[in-house]
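Undergrad: Next come a sequence and a model predicted from it.
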Amino acid sequence: MKTVSAKSHEVKRDWLLVDAKDATLGRLASGIAHRLRGKHKTIYTPHVDTGDYIVVINAEQIKVTGKKAEDKIYHRHTGFPGGLYSTNFTKLQARFPGRAL
């Protein structure tokens, strides 16, 4: 049996449209990451980008379970001293709908 190593010019990429309406954030992100890496393909090779192109619609309607909407904190830093900004999931979804995903 021969081991197949994919070459970047041999990879066939597909387009996938994902509807995020009422989907759970973590489960959806995990499934998208699996397809972006190309792990669902038989020619998967870790050092070659074998993933598909993915378009996510209705990202503003993603759900989280429990009290994560208020308790989950997202941080970003400007790179300057004292430049740490924090916000919760609800405010982040209202301002930037696709950023949490």
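TA: Nice, thanks for sending it over. Numbers count the residues shown, from 1 in each chain.
Undergrad: can you pull out the strands in the chain?
TA: Here the chain has its strands, by DSSP state E, at 15-19, 53-57, 73-77, 84-88.
Undergrad: Let's have the ones you listed in TSV, adding mean neighbour count.
TA: All C-beta atoms are positioned from the backbone trio N, CA, C, and that covers glycine. Shown next, in TSV, are the strands of the chain (neighbours: other C-beta atoms under 10 Å):
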stretch	mean neighbour count
strand 15-19	12
strand 53-57	13
strand 73-77	11
strand 84-88	12
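Undergrad: Let's have these in CSV, adding mean pLDDT.
TA: Formatted as CSV, the strands of the chain follow (pLDDT from 0 to 100):
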stretch, mean pLDDT
strand 15-19, 97
strand 53-57, 96
strand 73-77, 96
strand 84-88, 96
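Undergrad: Let me have those strands in JSON lines, extended by distance to Ser30.
TA: Shown next, in JSON lines, are the strands of the chain (distance: least, C-beta to C-beta, whole Å):
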{"stretch": "strand 15-19", "distance to Ser30": "12"}
{"stretch": "strand 53-57", "distance to Ser30": "13"}
{"stretch": "strand 73-77", "distance to Ser30": "18"}
{"stretch": "strand 84-88", "distance to Ser30": "22"}
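Undergrad: Can you tell me which helices and strands the longest helix seen in the chain packs against?
TA: In the chain, assigned by DSSP state H, the helix with the most residues is helix 25-37. When contacts are defined as 3 or more C-beta pairs under 8 Å, 6 or more residues apart in numbering; DSSP states H and E, helix 25-37 sits against strand 15-19, strand 53-57.
Undergrad: gap between the closest residue to His40 other than its chain neighbours and Val18?
TA: Distances taken as C-beta to C-beta, 6 or more residues apart in numbering place His34 nearest to His40, at 6.2 Å, with adjacent residues excluded. According to C-beta to C-beta, to the nearest Å, His34 and Val18 sit 12 Å apart.
Undergrad: Excluding covalently adjacent residues, which one is nearest to Glu60?
TA: Pro97 (3.5 Å).
Undergrad: Point to the residue nearest the middle of this structure.
TA: Computing the C-alpha centroid of the chain and ranking residues by C-alpha atoms, centre = their mean puts Ala29 first, at 4.4 Å.
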